[in-house]
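K.L.:
here you go, sequence then predicted model.
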Amino acid sequence: MPERPSLTHIEALKGLAGNEQLAALLTQHNTLAENIKNWTSQEELAAKRKPAWEMLERFLSQGNNCPEILELRKQVDAV
């Protein structure tokens with residue numbers, strides 16, 4: 001799955017109020033628009049990858065004593 005994006009700038013905006021918040025939103029407009037674009041593409045990537053990941057998890061749950069599956073499970077856990 002794609003890495004979870006940092007939301008510190010969003011949290012900072014939430015901490016503001018009134019005209020101060022509006023001014024900060026206007027200042028960060030381009031950054032926020034780029035965030036929306038990037039987050040949408042990451043969501044689409046995650047949606048494509050999720051079925052394969054779920055299938056892998058089902059596969060791993062089937063062969064507890066198989067050495068190959070144990071090795072694969074280590075790699076999956078590392079991810």
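P.N.:
Thanks, I have the structure now.
K.L.:
can we go C-alpha only for contacts and neighbour counts from here?
P.N.:
Fine.
K.L.:
show me where the chain has helices.
P.N.:
8-14, 18-27, 29-60, 67-78 (DSSP state H).
K.L.:
rank those helices by pLDDT, which is bottom?
P.N.:
Mean pLDDT is lowest for helix 67-78 among the helices of the chain, at a mean of 83.
K.L.:
run the chain-centre distance for that helix.
P.N.:
Centre-to-centre, helix 67-78 and its host chain are 23 Å apart (Cα atoms, centre = their mean, to the nearest Å).
K.L.:
ditto for stretch 19-29
P.N.:
26 Å.
K.L.:
can you tell me what sits against that stretch?
P.N.:
13-14 (Cα atoms under 8 Å, 6 or more residues apart in numbering).
K.L.:
what comes up buried for it?
P.N.:
By 16 or more other Cα atoms under 10 Å, the buried positions in stretch 19-29 come out as residue 25.
K.L.:
among the helices of the chain, which is nearest residue 2?
P.N.:
helix 29-60 (6.2 Å; Cα to Cα).
K.L.:
OK, contacts around residue 1?
P.N.:
Residue 1 sits next to 45-46, 49-50 when contact means Cα under 8 Å, 6+ apart.
K.L.:
repeat the analysis, applying 7 Å as the threshold.
P.N.:
Shown in contact with residue 1 (Cα atoms under 7 Å, 6 or more residues apart in numbering): 46, 49.
K.L.:
okay if I get the helices of the chain as JSON lines plus distance to residue 2?
P.N.:
Shown next, in JSON lines, are the helices of the chain (distance: least, Cα to Cα, whole Å):
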{"stretch": "helix 8-14", "distance to residue 2": "18"}
{"stretch": "helix 18-27", "distance to residue 2": "26"}
{"stretch": "helix 29-60", "distance to residue 2": "6"}
{"stretch": "helix 67-78", "distance to residue 2": "15"}
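K.L.:
and residue 10, how far is that from residue 35?
P.N.:
Applying Cα to Cα, to the nearest Å, the value for residue 10 to residue 35 is 10 Å.
K.L.:
please apply the same query to residue 51.
P.N.:
25 Å.
K.L.:
so the two - more neighbours on which side?
P.N.:
The neighbour comparison of residue 51 against residue 35 (other Cα atoms under 10 Å) goes to residue 35, with 14 against 11.
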